[in-house]
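**Student:** output the structure for:
(chains A, B, C and D)
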Protein chains: 2
Amino acid sequence: MVTLTEENYIKAIYHLGKYGANNVSTNAIAKEMETKASSVTDMVKKLSEKSYVDYKKYQGVTLTNKGKEVAVNIVRKHRLWEVFLVEKLNFSWDEVHEVAEHLEHIKSKKLISQLDAFLGFPTHDPHGDPIPDKTGKIKKIDKILLSEAEIGDNCICVGVQDSSSDFLKYLDKNDIALGTALKVCHREPFDNSITIKIKTKELIISNMIANNLFVKLS
Amino acid sequence: MVTLTEENYIKAIYHLGKYGANNVSTNAIAKEMETKASSVTDMVKKLSEKSYVDYKKYQGVTLTNKGKEVAVNIVRKHRLWEVFLVEKLNFSWDEVHEVAEHLEHIKSKKLISQLDAFLGFPTHDPHGDPIPDKTGKIKKIDKILLSEAEIGDNCICVGVQDSSSDFLKYLDKNDIALGTALKVCHREPFDNSITIKIKTKELIISNMIANNLFVKLS
DNA sequence: AATAATTTTTAGATTAGTCTAAAAATTATT
DNA sequence: AATAATTTTTAGACTAATCTAAAAATTATT
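**Tutor:** Next comes the predicted model:
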C-alpha cells in the first residue's frame, strides 16, 4: 500500500523529473514539498525500498515504472476532478487546484472510471493539461509558448504553464481563456513584451505572461 | 484543526450517542472504530482537551456542541456524496458507503455547497437517511420499522436501519427500493416473519429483515 | 590540487496514533 | 458487603513522518 505522503512525494518527483530526464535532487524535492532535505532523504530511502524510485546516495532519484504508474494515476485523478469542479460545480479555473489536491488521493477504481464517463471522457483539464487515460497514456499536443510565436502568427490558447491563482485571474480579467483566438502583432525589443489582438481588441502582454501561456498555431 | 482520525472518532461517538442520550463508553467506541480501548482513552483525552467531548474518567464521553457540529457536518458530507455516487455515477446503494467514507473528509465549504446545489438540494441519501442542511438541521420523518406495522397496513419504504451490502442486495433481489409500496398481509406468530404484498406479488420476510426496513404508513 | 561552498546524509529527538500488559476503578454476583 | 468479572486507564514501547544540528560527500572556486 502506498500512503498519502508517499503519493505526494512520488507526484513531486514525477513533476520535477518531467523536464530534464536526469535524476531529481533531494533539495529540489524538499523545495517542492516544502519540507527539509533530511526528511526527503528518509522518505526517498523508504520509496527506494518499496521500489517506487531508484536511488543512490548523493545521486538523487528517478521513478521506477512502478513509481511512474502511481504518479500518472494521481495526475489522472487530479485532472479529472478539476474538470468535474469546473464543468459541474461551477468552480473557476483558479480555484480547482487546492481541492483537487485532496480529491486525487481517494482510492476507488470505480469512482474514477465512472467519473471519467460522467464527464464524457475529457482529454484535457481546465488549464489545458492532458488527462492520462486509464492505461496511463498521455497524448501530447503540439503547443508552443506564446513568447515563441512569430509576429503575424494566428494562435489559439491551449494551456498555461503556471497555474497560480494570480496568473489565471489576470487571464480572466483580460478575457483570455482556453480556446481564445489571438494574433501576435508586435514584439517590443526592449522588454520582449508583445502586442496581441483578441477579436478587435489590442492588448500588451509582458514577456513573463507570454512565457506562461501555451498556444497552437491556427 | 481537526485531524482525519479525530473526525472519525467524533463521528463514531455521534452515531453511538444518537440512540440513548447517555454517555458513550470507551469499549463501544473501540468496537465501532475497530481499535483497542487504550487507544480510545488516549484519543478521548485529546478530544476532551480540544473540547470536542466532555469526558470524566471511567464515565464515558458525550459530544460538546462543538463536537456535534463537526459530526453533523461529516454526516452531511457523507450523505451528499452518497447521493452523488448513486444519482450521477451510477453506483448502487450497496457500493457507496466505503467511497463516501473517504470523500466525507475533504474540507472545502465551496465544494459541498456547490455539490448540494448540483444535486438539487437533496433531503435524503440513497438509504433514506436525512441530509443535514448547511446549518446542521436534520428534519426527521415519521418512519416506523416494518416489523412494527400492523396487519393490513399499506406502507411505503423510506429507509433502512442496516446498510450492509448483504442486506441491500437482498432488497434489490426482491425488488424492494425506497419508494416501493407494500402491504402487510400476515404475521406468523412462531417466528414473527411477515407476509407482504408488493404490487401483486407476495413475499415472506423474516423478522430480522422487517426489523431493518423503515416504512411510513400511506 | 587544495580549499570553500553547497548539498546530502546521519544521528538523535519529537509528535500523532497505535499497541500490549499491568494496574485501577466500576459493576455484577454471590 | 465481600469477591469476581468486566471495563477503563496507565505505563511503556512502536511506527510513520517530521525536525535540528552535525558530519560526510559532492561540486565550485581559487
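**Student:** check which element follows the longest helix anywhere in chain A along the chain.
**Tutor:** For chain A, the helix with the greatest residue count under DSSP state H is helix A:65-87. Per DSSP states H and E, the first helix or strand lying C-terminal to helix A:65-87 is helix A:96-103.
**Student:** and that following helix, is it in reach of DNA strand D?
**Tutor:** No. Using C-beta under 7 Å from any atom of the strand, helix A:96-103 stays clear of DNA strand D, with a minimum separation of 13.9 Å. Backbone N, C-alpha and C define where each C-beta goes, glycine included.
**Student:** and that helix, what other elements does it pack with?
**Tutor:** helix A:65-87 (3 or more C-beta pairs under 8 Å, 6 or more residues apart in numbering or on different chains; DSSP states H and E).
**Student:** what's the angle between the helix it packs on and helix A:96-103?
**Tutor:** 130 degrees (axes from the mean of the first three to the mean of the last three C-alpha atoms, to 10 degrees).
**Student:** picking that back up, so how far is the longest helix of chain A from its chain's centroid?
**Tutor:** In terms of C-alpha atoms, centre = their mean, to the nearest Å, the centre of helix A:65-87 is found 10 Å from the chain centre.
**Student:** which helices and strands does that helix pack with?
**Tutor:** helix A:4-18, helix A:96-103, helix A:109-118.
**Student:** list the contacts of the longest one.
**Tutor:** This points to helix A:4-18. Contacts with helix A:4-18, where a contact means C-beta atoms under 8 Å, 6 or more residues apart in numbering or on different chains, come from A:2, A:23-24, A:28-29, A:32-33, A:40, A:43-44, A:46-47, A:50, A:52-53, A:61-63, A:67-68, A:70-72, A:74-75, A:105.
**Student:** what average pLDDT does that helix get?
**Tutor:** Mean per-residue pLDDT for helix A:4-18: 96.
**Student:** so who does the nearest residue to residue A:136 once chain neighbours are set aside touch?
**Tutor:** Distance criterion C-beta to C-beta, 6 or more residues apart in numbering or on different chains; nearest residue to residue A:136, sequence neighbours excluded, is residue A:72 at 4.4 Å. Under the criterion of C-beta under 8 Å, 6+ apart, the contact list for residue A:72 reads A:14, A:132, A:136, A:138.
**Student:** okay, and for chain A, where does confidence drop off?
**Tutor:** Across chain A, the ranges flagged by pLDDT under 70 are A:20-21.
**Student:** and it, which residues reach chain B?
**Tutor:** Residues of chain A found near chain B (C-beta under 8 Å from any C-beta of the partner chain) are A:85, A:88-91, A:95, A:98-99, A:102-103, A:106-108, A:110-111, A:114-115, A:118.
**Student:** filter those residues down to the buried ones, ChimeraX style.
**Tutor:** To isolate the buried ones among the residues of chain A next to chain B in ChimeraX, judged by 16 or more other C-beta atoms under 10 Å in any protein chain shown, type:
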select /A:85,88,89,91,95,99,102,103,106,108,111,114,115,118
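**Student:** for the residue most central in space within chain A, give its distance to residue A:162.
**Tutor:** For chain A, the residue nearest the mean C-alpha position is residue A:129 (5.7 Å; C-alpha atoms, centre = their mean). Applying C-beta to C-beta, to the nearest Å, the value for residue A:129 to residue A:162 is 12 Å.
**Student:** repeat that for residue A:41.
**Tutor:** The value you get for residue A:41 to residue A:162, if C-beta to C-beta is used, is 29 Å.
**Student:** more neighbours: which of the two?
**Tutor:** The neighbour comparison of residue A:41 against residue A:162 (other C-beta atoms under 10 Å in any protein chain shown) goes to residue A:41, with 16 against 13.
**Student:** can you pull the contacts of the residue lying closest to residue A:198 once chain neighbours are set aside?
**Tutor:** Of all residues not flanking residue A:198 in the chain, residue A:182 sits nearest, at 4.9 Å (C-beta to C-beta, 6+ apart). Residues near residue A:182 by C-beta under 8 Å, 6+ apart: A:154, A:155, A:156, A:157, A:176, A:196, A:197, A:198, A:215.
**Student:** let's see 7 Å
**Tutor:** Neighbouring residues of residue A:182 by C-beta atoms under 7 Å, 6 or more residues apart in numbering or on different chains: A:155, A:157, A:196, A:197, A:198.
**Student:** kindly report the same for residue A:184.
**Tutor:** By C-beta under 7 Å, 6+ apart, residue A:184 lies in contact with A:149, A:150, A:151, A:152, A:153, A:155, A:194, A:196.
**Student:** now do the nearest residue to the first one once chain neighbours are set aside against residue A:136, distance only.
**Tutor:** Pointing back at residue A:149 there. Excluding the flanking residues, the one nearest residue A:149 by C-beta to C-beta, 6+ apart is residue A:184, at 4.9 Å. Applying C-beta to C-beta, the value for residue A:184 to residue A:136 is 36 Å.
**Student:** and if you look at residue A:96?
**Tutor:** Relative to residue A:136, and taking C-beta to C-beta, residue A:96 is found at 22 Å.
**Student:** quick one, which of these two is more surrounded?
**Tutor:** It is residue A:96, of residue A:96 and residue A:136, that has more neighbours when counted by other C-beta under 10 Å, with 26 against 14.
**Student:** contacts only, for the more buried one.
**Tutor:** A:82, A:85, A:86, A:126.
**Student:** what is the most widely separated pair among those?
**Tutor:** A:85 and A:126 (8.0 Å; C-beta to C-beta).
**Student:** can you give me the domain boundaries for chain A?
**Tutor:** Here the domain parsing of chain A from automatic domain parsing is A:4-63, A:144-217.
**Student:** out of these, nearest to residue B:170?
**Tutor:** Going by C-beta to C-beta, the one of the domains of chain A nearest residue B:170 is domain A:4-63, 35.6 Å.
**Student:** pretty sure residue A:23 is touching residue A:62, no?
**Tutor:** Yes. With contact taken as C-beta atoms under 7 Å, residue A:23 and residue A:62 are classed as touching, separated by 5.5 Å.
**Student:** grab the nearest non-local neighbour of residue A:193.
**Tutor:** Residue A:193 sits nearest to residue A:206 (C-beta to C-beta, 6+ apart), 5.1 Å away.
**Student:** if we can go back for a sec, who wins for neighbours among the contacts of residue A:72?
**Tutor:** residue A:132 (20 neighbours).
**Student:** how close does that residue get to residue A:147?
**Tutor:** Counting by C-beta to C-beta, the gap from residue A:132 to residue A:147 is 27 Å.
**Student:** what's the answer for residue A:162, then?
**Tutor:** 13 Å.
**Student:** please list the residues of chain A that sit near DNA strand D.
**Tutor:** A:3-6, A:35-36, A:38-39, A:42-43, A:46, A:57-58.
**Student:** dump those residues into JSON lines; add neighbour count and distance to residue A:143 as well.
**Tutor:** Below are the residues of chain A next to DNA strand D laid out as JSON lines (neighbours: other C-beta atoms under 10 Å in any protein chain shown; distance: C-beta to C-beta, whole Å):
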{"residue": "A:3", "neighbour count": "11", "distance to residue A:143": "35"}
{"residue": "A:4", "neighbour count": "10", "distance to residue A:143": "32"}
{"residue": "A:5", "neighbour count": "13", "distance to residue A:143": "33"}
{"residue": "A:6", "neighbour count": "17", "distance to residue A:143": "32"}
{"residue": "A:35", "neighbour count": "16", "distance to residue A:143": "32"}
{"residue": "A:36", "neighbour count": "12", "distance to residue A:143": "36"}
{"residue": "A:38", "neighbour count": "10", "distance to residue A:143": "39"}
{"residue": "A:39", "neighbour count": "15", "distance to residue A:143": "35"}
{"residue": "A:42", "neighbour count": "11", "distance to residue A:143": "38"}
{"residue": "A:43", "neighbour count": "22", "distance to residue A:143": "33"}
{"residue": "A:46", "neighbour count": "16", "distance to residue A:143": "36"}
{"residue": "A:57", "neighbour count": "8", "distance to residue A:143": "38"}
{"residue": "A:58", "neighbour count": "8", "distance to residue A:143": "36"}
